[in-house]
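Asker: Just need the structure, nothing else, for what follows:
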Amino acid sequence: QVQLVESGGGLVQAGGSLRLSCAASGRTFSVYGMGWFRQAPGKEREFVAAISWSGSNTYYTDSVKGRFTISRDNAKNTVHLRMNSLKPEDTAVYYCAQSVTGDGELPLSYSYPYWGQGTQVTVSS
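Answerer: This is a model prediction of the structure:
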């Protein structure tokens, strides 16, 4: 059974930084792409960032490019999202997800059958 457990969320002032982590278990971690999505109150869930199985390819939504960095450690079955220069509009529940592919259609939510429970990120102005 696949389990994804996020950590690292919290309250931060605008301009601050947070590092989210996601620990995965239940499948061979190193062959699947991983993604981060977020959902703000009253809004649909949206893609944030994704990384291919090897880490060689990364994808970001335009609003976070240059501020967020996704990375993975296949030896530790973890994926991270480093978030810098946070803005109040980044406030959301952030979800880690594991894809069915190694590096195909990773920005698309239907590529992900496995999801974590989410971690709250709140950015105050």
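Asker: C-alpha only now, for contacts and for neighbours.
Answerer: Noted.
Asker: those strands in this structure, which residues are they?
Answerer: 3-7, 10-13, 18-25, 34-39, 46-51, 58-60, 68-73, 78-83, 92-98, 114-115, 119-124 (DSSP state E).
Asker: The second one pairs with which strands?
Answerer: Within its sheet, strand 10-13 is paired with strand 119-124 (parallel), according to DSSP bridges.
Asker: CA atoms only for the strand it pairs with - export them in CSV, please.
Answerer: Output in CSV follows, covering the C-alpha atoms of strand 119-124 (Å, rounded to 0.1, in the frame of the first residue of the first chain):
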residue,chain,number,x,y,z
THR,A,119,0.2,20.0,4.9
GLN,A,120,-1.0,23.6,5.5
VAL,A,121,1.1,26.5,4.4
THR,A,122,0.0,29.9,5.6
VAL,A,123,1.8,33.1,4.5
SER,A,124,0.9,36.2,6.3
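Asker: would you turn the strands of the chain into JSON lines with mean pLDDT, mean neighbour count and distance to Glu105?
Answerer: Formatted as JSON lines, those follow (pLDDT from 0 to 100; neighbours: other C-alpha atoms under 10 Å; distance: least, C-alpha to C-alpha, whole Å):
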{"stretch": "strand 3-7", "mean pLDDT": "97", "mean neighbour count": "20", "distance to Glu105": "20"}
{"stretch": "strand 10-13", "mean pLDDT": "98", "mean neighbour count": "15", "distance to Glu105": "30"}
{"stretch": "strand 18-25", "mean pLDDT": "97", "mean neighbour count": "20", "distance to Glu105": "20"}
{"stretch": "strand 34-39", "mean pLDDT": "98", "mean neighbour count": "26", "distance to Glu105": "11"}
{"stretch": "strand 46-51", "mean pLDDT": "98", "mean neighbour count": "24", "distance to Glu105": "10"}
{"stretch": "strand 58-60", "mean pLDDT": "97", "mean neighbour count": "19", "distance to Glu105": "10"}
{"stretch": "strand 68-73", "mean pLDDT": "98", "mean neighbour count": "20", "distance to Glu105": "16"}
{"stretch": "strand 78-83", "mean pLDDT": "98", "mean neighbour count": "21", "distance to Glu105": "18"}
{"stretch": "strand 92-98", "mean pLDDT": "98", "mean neighbour count": "25", "distance to Glu105": "12"}
{"stretch": "strand 114-115", "mean pLDDT": "96", "mean neighbour count": "17", "distance to Glu105": "15"}
{"stretch": "strand 119-124", "mean pLDDT": "98", "mean neighbour count": "20", "distance to Glu105": "24"}
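Asker: Much appreciated, bye for now.
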